[in-house]
Every structure is written in structure tokens, then in C-alpha cells.
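Asks: next input, structure requested:
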Amino acid sequence: MDGFQIKRQLFDSTIGLIQRSLGLRTFRHRILSDHIANSENPNYIPTDVSFHKILTGAMAGAPGIFLRTTHPQHLTGGIEETPEISLSPEGVRLDQEMAKLAENQLMFQAGIQALLKKFESLKNVIQEGGR
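Replies: Sure, this is the predicted structure:
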């Protein structure tokens with residue numbers, strides 16, 4: 001069995017799904033930050049990305065948002081793809097954008113915590129497996 005297959009078996013689909021989730025949260029953070037930065041620009045048209053739609057597709061096996069790999073040993077999640085972006089002609093409402101940004105940050109932190117718990121459980125399996 002080669003090293004790539006061992007990695008795939010060790011790191012199940014949960015880690016890949018969390019990876020996609022974090023990549024999408026990072027992408028959405030950039031979008032929301034752009035909205036806040038351009039809130040006083042009258043010609044700025046805000047955009048948004050449907051987190052639920054992309055994550056549902058990722059769970060079904062469709063390609064989605066992935067973290068970039070900068071080293072050959074990084075885990076891969078598939079090919080990178082630009083998510084579907086929707087336009088909102090209503091303009092930027094600063095209070096709503098700040099609330100969306102706070103929610104996105106909380107969900108990002110939840111994803112990080114889920115990833116940490118997953119790695120903690122893998123660490124426990126490795127440590128207990130030697131006994």
C-alpha cells in the first residue's frame with residue numbers, strides 16, 4: 001500500500017469536509033470584508049456566496065472550495081474551483097455586513113475546534129494503539 005492510500009484511510013472524509021468548510025469561510029470573510037470596506041461607495045454592488053449550497057455539494061462529492069496546497073506533502077481535497085457568487089443590488093448595509101462577518105468568524109472557529117477534536121482523537125488512537 002503506498003503512502004497516499006494510507007493518508008486517505010487515516011484521514012477520513014470528515015477532515016476533507018472541514019477543510020472545504022474552512023476554505024469557504026475564508027473566502028466569505030474576504031467578500032464580507034470587501035463589503036465593509038466599500039460600504040460608503042454608492043456604486044459598489046455587494047456579492048455573496050451560498051455556504052449551504054456549496055457544502056451540500058461537497059458532501060455529495062461535488063468539487064468545491066479547497067485550501068491551497070503550497071507543499072507536495074499537504075493533504076489535497078481535490079481541484080480548486082471558484083464558487084458561485086450572487087449579486088445583491090440592494091447595496092451595503094453596514095450593520096448586516098458586520099453581523100454576517102461575526103457569524104462567519106464564529107463558524108470558522110467552530111470548524112477549527114472540530115478539526116482540533118478530530119486530530120486529538122487521532123492522537124489518542126495512535127498513543128493507545130501502542131499499549
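
Asks: tell me the helix or strand right after the helix-or-strand element of the chain with minimal mean pLDDT.
Replies: Every helix and strand of the chain was ranked by mean pLDDT, DSSP states H and E. The lowest is helix 3-10, at a mean of 55. Per DSSP states H and E, the first helix or strand lying C-terminal to helix 3-10 is helix 13-37.

Asks: which helix is the longest one in the chain?
Replies: helix 94-129 (DSSP state H).

Asks: buried stuff in that one?
Replies: Applying a neighbour-count criterion of 16 or more other C-beta atoms under 10 Å, the buried positions in helix 94-129 are 97, 100, 101, 104, 107, 108, 111, 114, 115. Glycine gets a C-beta too; all of them are placed from N, C-alpha and C.

Asks: so, low pLDDT: which residues of the chain?
Replies: Applying pLDDT under 70 to the chain flags the ranges 1-12, 51, 54-55, 57-89, 130-131.

Asks: 50 instead, please
Replies: Within the chain, the stretches with pLDDT under 50 are 1, 62, 64-65, 78-81.

Asks: now flag whichever of the buried residues of helix 94-129 is closest to residue 48.
Replies: When these are ranked by distance to residue 48 (C-beta to C-beta), residue 100 comes first, at 8.3 Å.

Asks: give the closest residue to that closest one in space, chain neighbours not counted.
Replies: residue 32 (5.5 Å; C-beta to C-beta, 6 or more residues apart in numbering).

Asks: ok so, going back, pick the one among the buried residues of helix 94-129 closest to residue 25.
Replies: Set against residue 25, the nearest of those by C-beta to C-beta is residue 108 (4.2 Å).

Asks: in contact with the nearest residue to that closest one once chain neighbours are set aside, which residues?
Replies: The shortest distance from residue 108 to any non-neighbouring residue, by C-beta to C-beta, 6+ apart, is to residue 25 (4.2 Å). Counting by C-beta atoms under 8 Å, 6 or more residues apart in numbering, residue 25 makes contact with 51, 104, 107, 108, 111.

Asks: please repeat the previous calculation with a cut-off of 7 Å.
Replies: 104, 107, 108, 111 (C-beta atoms under 7 Å, 6 or more residues apart in numbering).

Asks: appreciated, that's everything.
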